[in-house]
Structure formats: C-alpha cells, structure tokens
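**Student:** sharing a model prediction with you, sequence too.
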Amino acid sequence: MAIDAIKGLTPMTPSLFQESKLIKMEETGESFSDFLSEALNKVNSLQNESAKITEDFVAGRTDSIHQVQIASEKAEVALQFTMQIRNKILDAYHEIMRVQI
C-alpha cells in the first residue's frame, strides 16, 4: 500500500527558515546584536512572568498549578536554549581564534 504525500505543502527546512530570517533582518536593517538583545529580553520576560505566577500561587491569589508549571517550563526551555546558543557562539569564537594567519 503506497502512501502519497500531501500535495501543496513544502517541507520547512532549517535553511529555508534561516534564509527568510536573514531576508527579514536585511529588510528591517536589524543587526545581529539587536536580534540577540531582543531574544535575551524575551527570555528575561519569560523568567519574570514565571516568577510572578509562582509568587501568585504561593500567596494564594491563584490555584492553577498547571499555569505555574507551564510558565516555569517555558522559562526553563528558553534559558536552556539561550545557553546552548551562547555555547555555540563561544565555540565559534574559539575556533576562529585557533585559525592561523
């Protein structure tokens, strides 16, 4: 039994995403440092939101443990992702520094 692909869908490859992001950055004139600052601000806001929801739960202003857990996990994943990006940037920097001219 043959399984046919869904017609009209194109697979989203990482290179396609990166190219569209690069084009968007070129159109808006946004630099890499601006992009990185914006991403760090988003991670910080997720951390702050998680802390506020946790504080509300502890104080008894809300009883939704699910929202506390979701906010906490979102903040944790964002922080882990940010740390992995930092590690890759440092690896690239060290690799460039090892290149002999």
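**Tutor:** Now that the structure is in, tell me what you want to look at. Computed from a predicted model, the values in this text were never measured in an experiment. Residues are numbered from 1 along each chain as shown.
**Student:** which strands or helices does the strand or helix carrying E73 pack on?
**Tutor:** In the assignment (DSSP states H and E), E73 maps to helix 65-98. Applying 3 or more CB pairs under 8 Å, 6 or more residues apart in numbering; DSSP states H and E, one finds that helix 65-98 contacts helix 32-59. (Glycine included, C-beta is placed from N, CA and C.)
**Student:** quick one: low-confidence ranges for this structure?
**Tutor:** The chain contains residues with pLDDT under 70 at 1-26.
**Student:** buried ones in stretch 93-101?
**Tutor:** The neighbour-count check on stretch 93-101 (16 or more other CB atoms under 10 Å) flags nothing as buried.
**Student:** contacting residues around E49?
**Tutor:** A71, A75 (CB atoms under 8 Å, 6 or more residues apart in numbering).
**Student:** please report how far it lies from G29.
**Tutor:** Distance check for E49 against G29: by CB to CB, to the nearest Å, it reads 30 Å.
**Student:** same check on V99?
**Tutor:** Taking CB to CB, one finds V99 at 30 Å from G29.
**Student:** and A59, by the same measure?
**Tutor:** A59 is 44 Å from G29, where distance means CB to CB.
**Student:** can you give me the distance of the nearest residue to V68 once chain neighbours are set aside to N48?
**Tutor:** Spatial nearest neighbour of V68, chain neighbours left out: F57 (4.8 Å); criterion: CB to CB, 6 or more residues apart in numbering. From F57 across to N48, the span is 15 Å (CB to CB).
**Student:** between those two, tell me which one has more neighbours.
**Tutor:** Neighbours of F57 and N48, each counted by other CB atoms under 10 Å, are more numerous for F57; the result is 17 against 11.
**Student:** surely that one and H66 touch.
**Tutor:** No - assessed by CB atoms under 8 Å, F57 is found out of contact with H66, at 10.4 Å.
**Student:** now do the phi/psi pair for G60.
**Tutor:** Per-residue torsions, G60: phi 90, psi 10 (degrees, to the nearest 10).
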